[in-house]
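[1] Here is the input, now give the coordinates:
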Amino acid sequence: MQSHHVIVLVDHLVLADQVASNGGAQTAVQVIGFLLGILTIVGMWITFRKAGRHGWAAIIPIYNLYTLIKITGRSGWWLLLFIIPLVNIVVYLVIMLDIAAAFGKGTLFGIFGLWLFPFVGFPILGWGQSRFEGTPLF
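    Okay, here's the model as predicted:
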């Protein structure tokens, strides 16, 4: 009966060793993700200020989407479209394209800089030479 306990103990030690060996990589990915999130928020904060909005809106989860929608000149009701699965992806892409146009940037910047890699695009808008030219809808 004691050999069974030894086998179970060895199995637990092997499992613990495997978890510990993967923990370092997981922690590194989490730290990188956290830093990219902070970079996005700071870039969004400065971009909001350039657009004449409150910078702190970048740190409030749903309100930051509402602020992005208002910067584009669209109705606040567009926020409800984020509830619909798959439609929310298209709506976010449209908003990012409008944000890019509002700052004088093109479609490729909207897709790659703001939609796919916001941790690159928002700091470029915030700290770069681009100016808020107004909403492209009006």
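
[2] Pass me the low-pLDDT residue ranges in the chain, would you?
    With pLDDT under 70 as the threshold, the chain has low-confidence stretches at 1-22, 136-138.

[3] Now with 80, please.
    Within the chain, the segments meeting pLDDT under 80 span 1-24, 135-138.

[4] what are the ranges of the helices in it?
    Secondary structure of the chain (DSSP state H): helices located at 2-50, 61-71, 87-102, 107-108, 118-127.

[5] which residues are contacting the shortest one?
    Among residues not part of helix 107-108, those counted as contacts by C-beta atoms under 8 Å, 6 or more residues apart in numbering are 97, 100. In this view, the C-beta of every residue, glycine as well, is placed from N, C-alpha and C.

[6] Buried deepest among the helices of the chain, which one?
    Across the helices of the chain, averaging neighbours per residue (mean count of other C-beta atoms under 10 Å) puts helix 118-127 on top, at a mean of 20.

[7] That helix to helix 87-102, inter-axis angle?
    30 degrees (axes from the mean of the first three to the mean of the last three C-alpha atoms, to 10 degrees).

[8] Which elements pack onto helix 118-127?
    Packing partners of helix 118-127 (3 or more C-beta pairs under 8 Å, 6 or more residues apart in numbering; DSSP states H and E): helix 2-50, helix 87-102.

[9] can you state the direction angle for the last one and helix 61-71?
    By that I understand helix 87-102. 50 degrees.

[10] For helix 87-102, what is the distance to the chain centroid?
    Here helix 87-102 is found 13 Å from its chain centre; the criterion is C-alpha atoms, centre = their mean, to the nearest Å.

[11] Check which helices and strands it sits against.
    Partner elements for helix 87-102 (3+ C-beta pairs under 8 Å, 6+ apart): helix 61-71, helix 118-127.

[12] let's see 7 Å
    helix 61-71 (3 or more C-beta pairs under 7 Å, 6 or more residues apart in numbering; DSSP states H and E).

[13] Residues contacting the helix it packs on, please?
    With contact meaning C-beta atoms under 7 Å, 6 or more residues apart in numbering, helix 61-71 is reached by 44, 48, 51, 53, 57-58, 76, 78-79, 82, 95, 99, 102.

[14] how about that helix as PDB, C-alpha atoms only?
    Taking C-alpha atoms only, helix 61-71 is exported to PDB below (Å, rounded to 0.1, in the frame of the first residue of the first chain):
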ATOM      1  CA  PRO A  61     -14.100  50.200 -19.900                       C
ATOM      2  CA  ILE A  62     -17.300  51.000 -21.700                       C
ATOM      3  CA  TYR A  63     -17.000  54.700 -21.600                       C
ATOM      4  CA  ASN A  64     -13.800  54.600 -23.700                       C
ATOM      5  CA  LEU A  65     -15.800  52.900 -26.500                       C
ATOM      6  CA  TYR A  66     -18.500  55.600 -26.200                       C
ATOM      7  CA  THR A  67     -15.800  58.300 -26.400                       C
ATOM      8  CA  LEU A  68     -14.300  56.700 -29.500                       C
ATOM      9  CA  ILE A  69     -17.700  56.700 -31.100                       C
ATOM     10  CA  LYS A  70     -18.300  60.300 -30.200                       C
ATOM     11  CA  ILE A  71     -14.900  61.300 -31.600                       C
END
